[in-house]
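Asker: got a predicted structure plus its sequence, pasted below:
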Amino acid sequence: MSELHDCRNAFARTLEDIARGDPRVVALCNDSVSSAKLTHFAQVFPDRLFNVGIAEQNMVGMGAGMANGGKIPFIAAAACFLTGRALEQIKNDLAYTGTNVKLCGVSTGLAYGPLGGTHHSIEDIAWLRAIANMTIIVPADPVETEQAVRAVVDFVGPVYLRLSRMGVPVVHDADYRFEIGKAVRLRDGSDVTLVACGTLVPRALEAAAMLEAKGVQARVINMATVKPIDREAIIEAAVETCGIVTAEEHTIYGGFGSDVAEVVATTHPVPMRILGVPGVFAPTGSPEFLLEHFGLTPQGIRDAALELVESGGPQ
Amino acid sequence: MPSDSLALHKKAYEIRQRNLIMIYEAGGGHTGGDLSSADILAALYLNGVLNVDPQNPRAPDRDRFFLSKGHSSGLLYTTLAFAGFFPEEELATFMKPLSRLNGHPNVHVPGVEANTGALGHGLPMAVGTALAAKMDGVPWRTFVLAGDGELQEGSNWEAAMAAAQYRLGNLTLIIDRNRLQMVDRTERIIGLEPLADKWRAFGWTVREIDGHNHAEIMQTLSAIPFEDGKPNCVIAHTIKGEGVSFIEDRAGWHHRVPTEEELDAALEELRGAVR
């Protein structure tokens, strides 16, 4: 098994690197300095990291104000609290007002496993996807995380960066170039398409290898920008393959799969399977256990793809 | 009243008249709270308290003003028009289809810093601008006008703690203390008193003033910062609906629109007050 990486480290390392050259970059945390991996940033830039305490509404509002004052604030906090507690500030102070604030939700999805439903963040994509003028990026590995952090600094406007704490293998080459709004095809295939984001991308790749053993050629798309979604890549997959499986560490209601399905249903309808948390609060268990529990595994993705292939698709 | 205070008083009453006509024409708006804050906004924009330039409303070194009680957008738009940020004729489009002057402030209107209207948002953003200015060692200042009722929102108290922690002497919160929220007196719903003590306990310096007395408003706002390294809180005691006898201090006028007869009677009273 290849080495696993915590994308938060790539985030913190990159932010620190950017901050050295760009004095506008500041960081805000809700006592989440260590869980956002910003302890070292705080040592290097003690005057540019603000631990605003356990107060997410004020934290996001402050971020909007600091952006108004010329800063580029990165607000890094556990995704469940950042997006849930401060949702109205995200809507009004960031998206509607149009402030240049970068939200970094960490420990996303089921990453807090045994801590329970209060700490799972499986609604954040749905909530933020519904807000106009928001950009949502879910990197799959440390290479993409670094690229994404650099891209959002150059991008003017509010962004939500969704960073897990689960170990993930590297799926991109070192010369990979992430571009906001552009999906990347990690594997060619014309039988069926697997579209994933974040932690589910390596699992989709593993599923594709399993499908190949059964003589099925699966296309694998890493859709790191969930909003605005790369419609062309989805339409192409719908036209060229028999169906689409989506996989996300998130509820299937209103999330990433819904996003893909909206494009498919309104352009070139093909059968789909939407894998995610099926509208329930997750039980207790490690993240690995919970992903297994909900079928968010290479086997689960493979089986869903086989169903589509065996049903014959629209042809 | 000193002559400049008298001039400002007259200006505030002209704003009230134009504001009421605008609400009547739009068939919507927040009558009581607009009239209650008119003297404060006149002082901020028309007497040089705010260092802002209508010709360059996004100048980086401008003072920031957040209308946290965003429902008083009608008053803000009227004041901005009087201050030269956009032509007064545009006020006729208030809340009309596709007008940028919608029912709560938005940044497409020159001079507006943030899309407020959801309550309890102004102060956290103001803490952010004040902190940014402090980090950069620049002299521009931040002002927020909050309604008293909206202090029931917990976000204000999160921000209050942060402002004291970061020693933001460049931040001033003005509270329009008219003692009424939408349906009743604040103290009968979720009481705010002892309000000044609360802000003091949170680390702010507090001044209480008559929010309709221009000499007092100007004297207080020109004394900022009140104390080194402490955020400033001005509790402006006001009357919701100030200037129109049958609107004053009545919860029912929170967002009631005057009839034609009521508008005429109100304008008559307001004109009488500046004679």
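Answerer: Looks like it came in fine.

Asker: who in chain A is up against chain B?
Answerer: Within chain A, the positions near chain B by CB under 8 Å from any CB of the partner chain are A:26, A:47-48, A:50, A:52-53, A:55, A:57-71, A:73, A:88-89, A:92-93, A:96-99. C-beta coordinates here come from the backbone N, C-alpha and C atoms, glycine included.

Asker: just the buried ones from those residues?
Answerer: Neighbour-count burial (16 or more other CB atoms under 10 Å in any protein chain shown) applied to the residues of chain A next to chain B gives A:26, A:48, A:50, A:52, A:55, A:57-71, A:73, A:88-89, A:92-93, A:96-99.

Asker: what does the stretch 51-200 of chain B put close to chain A?
Answerer: So far as CB under 8 Å from any CB goes, the stretch 51-200 of chain B lies against chain A at B:60, B:64, B:106-107, B:113-118, B:120-121, B:123-133, B:135-136, B:142, B:154-155, B:158-159, B:161-162, B:165-166.

Asker: the residue lying closest to residue A:100 once chain neighbours are set aside in helix, strand or coil?
Answerer: Excluding the flanking residues, the one nearest residue A:100 by CB to CB, 6 or more residues apart in numbering or on different chains is residue A:67, at 4.5 Å. Recorded secondary structure, residue A:67: helix (DSSP: H, G, I helix; E, B strand; the rest coil).

Asker: what are the ranges of the strands in the stretch 101-250 of chain A?
Answerer: A:102-106, A:135-137, A:159-163, A:184-187, A:192-196, A:218-222, A:225-227, A:244-251 (DSSP state E, counting those that start in this stretch).

Asker: Throw those into CSV and include distance to residue A:294, thanks.
Answerer: Output for the strands of the stretch 101-250 of chain A, formatted as CSV (distance: least, CB to CB, whole Å):
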stretch, distance to residue A:294
strand A:102-106, 20
strand A:135-137, 21
strand A:159-163, 18
strand A:184-187, 23
strand A:192-196, 14
strand A:218-222, 20
strand A:225-227, 19
strand A:244-251, 9
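
Asker: grab the longest helix from chain B for me.
Answerer: Longest helix of chain B, by residue count under DSSP state H: helix B:3-26.

Asker: which of the residues in that helix are buried?
Answerer: B:5, B:8-9, B:11-26.

Asker: give me the helices and strands touching it, please.
Answerer: Identification of packing neighbours for helix B:3-26 by 3 or more CB pairs under 8 Å, 6 or more residues apart in numbering or on different chains; DSSP states H and E yields helix B:31-46, helix B:73-82, helix B:214-221, helix B:260-273.

Asker: to residue A:260, which of the ones you listed lies closest?
Answerer: helix B:73-82 (39.3 Å; CB to CB).

Asker: so where's the stretch 201-315 of chain A shaky on pLDDT?
Answerer: The stretch 201-315 of chain A contains residues with pLDDT under 70 at A:313-315.

Asker: got it, and the stretch 151-275 of chain B?
Answerer: If you take pLDDT under 70 as the line, the stretch 151-275 of chain B has these spans: B:275.

Asker: show me what residue of it gets nearest to chain A.
Answerer: Closest residue of the stretch 151-275 of chain B to chain A, CB to the nearest CB: residue B:158 (3.5 Å).

Asker: what about that residue, neighbour count?
Answerer: Number of residues near residue B:158 (other CB atoms under 10 Å in any protein chain shown) recorded here: 24.

Asker: contacting residues around it?
Answerer: A:53, A:55, A:57-58, B:124 (CB atoms under 8 Å, 6 or more residues apart in numbering or on different chains).

Asker: try it again at 7 Å.
Answerer: A:55, A:57-58, B:124 (CB atoms under 7 Å, 6 or more residues apart in numbering or on different chains).

Asker: would you turn these into a markdown table with secondary structure, distance to residue A:203 and pLDDT?
Answerer: Below are the contacts of residue B:158 laid out as a markdown table (DSSP: H, G, I helix; E, B strand; the rest coil; distance: CB to CB, whole Å; pLDDT from 0 to 100):
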| residue | secondary structure | distance to residue A:203 | pLDDT |
| --- | --- | --- | --- |
| A:55 | coil | 36 | 98 |
| A:57 | helix | 35 | 98 |
| A:58 | helix | 38 | 98 |
| B:124 | helix | 39 | 98 |
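
Asker: same list (the residues you listed) but as a markdown table, adding distance to residue B:101.
Answerer: A markdown table is the format used below for these (distance: CB to CB, whole Å):
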| residue | distance to residue B:101 |
| --- | --- |
| A:55 | 33 |
| A:57 | 28 |
| A:58 | 29 |
| B:124 | 25 |
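
Asker: residues contacting the residue in the stretch 51-200 of chain A that chain B sits nearest to?
Answerer: For the stretch 51-200 of chain A and chain B, the shortest gap (CB to the nearest CB) falls at residue A:65, measuring 2.0 Å. For residue A:65, the contact set (CB under 7 Å, 6+ apart) comprises B:124-129, B:132.

Asker: give me the number of residues near residue A:283?
Answerer: 12.

Asker: now it. Nearest residue, chain neighbours left out?
Answerer: Per CB to CB, 6+ apart, closest to residue A:283 is residue A:293, 7.1 Å.

Asker: in this structure that neighbour contacts residue A:284, no?
Answerer: No: contact criterion CB atoms under 7 Å: residue A:293 and residue A:284 do not qualify, at 10.3 Å.

Asker: now do stretch B:47-59: distance to the chain's middle.
Answerer: On the basis of CA atoms, centre = their mean, to the nearest Å, stretch B:47-59 sits 16 Å off its chain's mean C-alpha point.

Asker: now what about that stretch, what contacts it?
Answerer: So stretch B:47-59 is contacted by B:8, B:43-44, B:62-63, B:65, B:83-85, B:110-111, B:140, B:143, B:218, B:221 (CB under 7 Å, 6+ apart).

Asker: mark which of those residues are buried, thanks.
Answerer: B:8, B:43-44, B:62-63, B:65, B:83, B:85, B:110-111, B:140, B:143, B:218, B:221.

Asker: what's the farthest-apart pair in these?
Answerer: B:110 and B:218 (24.9 Å).

Asker: only the buried residues of stretch B:205-215, if you could.
Answerer: Neighbour-count burial for stretch B:205-215 [16+ other CB under 10 Å]: B:205-209, B:211-215.

Asker: likewise for stretch B:261-274?
Answerer: Under 16+ other CB under 10 Å, the buried positions of stretch B:261-274 are B:262-263, B:265-267, B:269-270, B:273.

Asker: list the contacts of stretch B:179-192.
Answerer: If you take CB under 7 Å, 6+ apart as the criterion, stretch B:179-192 is touched by B:32, B:148-149, B:151-152, B:193, B:240, B:249, B:251, B:254.

Asker: in ChimeraX, how would I select the buried members of those?
Answerer: Per 16+ other CB under 10 Å, the buried members of these correspond to this ChimeraX selection:
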select /B:32,148,149,151,152,240,249,251,254
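
Asker: neighbours of residue B:142, how many?
Answerer: 31.

Asker: in the sheet, who's paired with it?
Answerer: Beta-bridge pairing for residue B:142 (DSSP bridges): residue B:64, residue B:171.

Asker: got the contact list for it?
Answerer: So residue B:142 contacts B:63-64, B:126, B:129-130, B:170-171 (CB under 7 Å, 6+ apart).
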